[in-house]
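Chemist: give me a model of this one.
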Amino acid sequence: MQTKKVTLPKLNNLSPTLESTALKLMEEAGELAQAIGKLRGMSGEASRLDEKQVMQVISRELLDVAQTAVSMMFVLEEQYGVDIDALHQEHVEKLKRKGYIVDTQAAGGTTREIKAAGEK
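Modeler: Coordinates of the predicted model:
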């Protein structure tokens, strides 16, 4: 199973709530969708960027989504006592059961995971 490790910091100059973080996550996801649609020509406009530049913009928007998702994980852990690590493991097991991923570690595969800064 291939994995991607992205370590993102806890933002320390904010006081996020579950609700404010959820709204921010939706905003960032909308910006990602807008970038994909506009920059890939789905709006009928011609892009003034080349393919590499378009992918850079889309990737930056994706990282904004990931950062906000990680911020929500911190909110869930710190304000509601949720064990994200345990739920992450449950999530991976669910993906295996559904056949979305096949555990190929025995065959030399690798694993993708997203961790917040400070996670073990």
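
Chemist: pLDDT on stretch 12-27, on average?
Modeler: For stretch 12-27, the mean per-residue pLDDT is 96.

Chemist: run the chain-centre distance for it.
Modeler: From the chain centre to the centre of stretch 12-27 is a distance of 15 Å (Cα atoms, centre = their mean, to the nearest Å).

Chemist: give the buried residues for the longest helix that the chain contains.
Modeler: Across the chain, the longest stretch assigned as helix under DSSP state H is helix 51-80. For helix 51-80, a neighbour-count test (16 or more other Cβ atoms under 10 Å) marks 54, 57, 61-62, 64-65, 67-77 as buried. Quick note: C-beta positions are derived from backbone N, CA and C, even for glycine.

Chemist: how about the secondary structure of T7?
Modeler: Classification of T7 by DSSP: H, G, I helix; E, B strand; the rest coil places it in strand.

Chemist: count of residues packed around it?
Modeler: T7 is flanked by 12 other residues according to other Cβ atoms under 10 Å.

Chemist: same thing with the one 4 residues further on?
Modeler: L11 sits with 13 neighbouring residues when counted by other Cβ under 10 Å.

Chemist: give the contact list for it.
Modeler: L11 makes contacts with 67, 71, as judged by Cβ atoms under 8 Å, 6 or more residues apart in numbering.

Chemist: where's it relative to Q34, distance?
Modeler: For L11, the distance to Q34 equals 23 Å [Cβ to Cβ, to the nearest Å].

Chemist: repeat that for L14.
Modeler: As for L14, its distance to Q34 is 24 Å (criterion: Cβ to Cβ).

Chemist: three-state assignment of I101?
Modeler: Note that with three-state DSSP, the state of I101 is coil.
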